[in-house]
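Asker: no letters, just coordinates:
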């Protein structure tokens, strides 16, 4: 859905958020690029375990 932000891990098949900051188990990507917003919102909707959250601040 958002290949510039997510990759599938070859190790365990889970999705990895690229260029993320890990803080207490939460992986966060902050960006001012609104062009990636729609792709990330689509990834959030398609996530089968509802673990992706997109916030606009």
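Answerer: Done, it's in. In this text the structure is predicted, and so the values were computed from the model without any measurement.
Asker: OK, contacts around residue 44?
Answerer: Contacts for residue 44 (C-beta atoms under 8 Å, 6 or more residues apart in numbering) come out as 52, 53, 54. Using the backbone N, CA and C atoms, a C-beta is placed for each residue, glycine as well.
Asker: could I get those residues as a markdown table with secondary structure?
Answerer: Shown next, in a markdown table, are the contacts of residue 44 (DSSP: H, G, I helix; E, B strand; the rest coil):
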| residue | secondary structure |
| --- | --- |
| 52 | coil |
| 53 | coil |
| 54 | coil |
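Asker: out of the residues you listed, grab the one that's most surrounded.
Answerer: Greatest neighbour count in the contacts of residue 44, by other C-beta atoms under 10 Å, goes to residue 52: 20 neighbours.
Asker: gap between that one and residue 4?
Answerer: 14 Å (C-beta to C-beta, to the nearest Å).
Asker: can you check residue 36 too?
Answerer: Residue 36 sits 6 Å away from residue 4, going by C-beta to C-beta.
Asker: these two: who's more crowded?
Answerer: Comparing residue 36 with residue 4 by neighbour count (other C-beta under 10 Å), the higher total belongs to residue 36, at 16 against 12.
Asker: for the protein, what spans make up the helices?
Answerer: Assigned helices in the chain, in chain order: 37-46 (criterion: DSSP state H).
Asker: which residue of it sits farthest from its center?
Answerer: Residue farthest from the centre of the chain, counting by C-alpha atoms, centre = their mean, is residue 11 at 18.0 Å.
Asker: what's near enough to touch it?
Answerer: Counted by C-beta under 8 Å, 6+ apart, residue 11 has zero contacts.
Asker: in the sheet, who's paired with the spatially most central residue of the chain?
Answerer: The chain has residue 17 as the residue nearest its centroid, 4.8 Å off, counting by C-alpha atoms, centre = their mean. When bridges are called by DSSP bridges, residue 17 pairs up with residue 6.
Asker: residue 30 is in contact with that one, correct?
Answerer: No. Using C-beta atoms under 8 Å, residue 17 is not in contact with residue 30, being 11.4 Å away.
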